[in-house]
Structures are given as C-alpha cells and as structure tokens.
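K.L.:
Let's see this in three dimensions:
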Amino acid sequence: MKDFNLSITAMIMPDSPDADIGEMKNAIENSVPSNMELHKIEEIPIAFGLVSLKVMLLGRDEAGGTDELENNFSNISNVTQVEITDVRRLVG
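P.N.:
Numbering: from 1, shown residues only. Model prediction:
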C-alpha cells in the first residue's frame, strides 16, 4: 500500500433518479487520481428514488488537495454535484 495519510469523503449527486448508478460507480472507479485509492462506495437514498453516492478514498497530502478528484468526478456523465464532505489526517 502507498503512503496514504488522508481519508477523503465525497458525496456525488446524480442528475435524476433514472441515472444508472452502476455505470456511475464504474466511472468513479476509473476517475480516481493516481495519488489516491478508492476505499468504498456507498449508496445513500435521498428521496423519490434519488440515490447519492458516498465515496471514501485514501490519499496523500499534496499540493492541489482534492481539486483533481473534484474535477474528475464532476466530468462523469449524469453527475450534477460533487462535494468533498470530509478530509481527515490519518495517524499511526
């Protein structure tokens, strides 16, 4: 495993309840920057069939922070919003 020292959580909102969540998960897996590693993706029901994706990653504290991650995820088809909700430094 690489020297990861950050835990990063992002919430990704699709543009409609009809968005293909499986396709979005695959696109997320393929869009993770090289200085990060995907840990887990959880489906979070919002309302009226809309499902948000909670994406948890491990990364390194580097210049630029989460900019590349946000840009990559924002360019995924059917994504309407990307929000970094938590960044924590790992210890130990």
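
K.L.:
tell me the contacts of the residue nearest to residue 90 when sequence neighbours are not counted?
P.N.:
In space, and not counting its chain neighbours, residue 90 is closest to residue 5: 5.3 Å by C-beta to C-beta, 6 or more residues apart in numbering. Yep, even glycine has a C-beta here, placed from its N, CA and C like the rest. Going by C-beta atoms under 8 Å, 6 or more residues apart in numbering, residue 5 touches 59-61, 89-90.

K.L.:
Lowest pLDDT pick from these?
P.N.:
The weakest per-residue confidence within the contacts of residue 5 falls on residue 61 (86).

K.L.:
any idea how far that one is from residue 91?
P.N.:
As defined by C-beta to C-beta, to the nearest Å, residue 61 lies at a distance of 12 Å from residue 91.

K.L.:
Among the two, which residue is more densely surrounded?
P.N.:
Taking other C-beta atoms under 10 Å, residue 61 and residue 91 do not tie; residue 61 has more neighbours (12 against 5).

K.L.:
Which strands and helices lie in contact with the longest helix along the chain?
P.N.:
For the chain, the helix reaching the highest residue count under DSSP state H is reported as helix 21-30. Packing partners of helix 21-30 (3 or more C-beta pairs under 8 Å, 6 or more residues apart in numbering; DSSP states H and E): strand 6-14, strand 36-47, strand 50-59.

K.L.:
Minimum distance to residue 82: which of those has it?
P.N.:
Taking C-beta to C-beta, strand 6-14 is the member of the helices and strands packed on helix 21-30 nearest to residue 82, at 5.5 Å.

K.L.:
Could you give the number of residues near residue 86?
P.N.:
By other C-beta under 10 Å, the residues close to residue 86 number 11.

K.L.:
who's in contact with it?
P.N.:
The neighbourhood of residue 86, defined by C-beta under 8 Å, 6+ apart, consists of 7-9.

K.L.:
Pull out the buried residues from these.
P.N.:
8-9 (16 or more other C-beta atoms under 10 Å).
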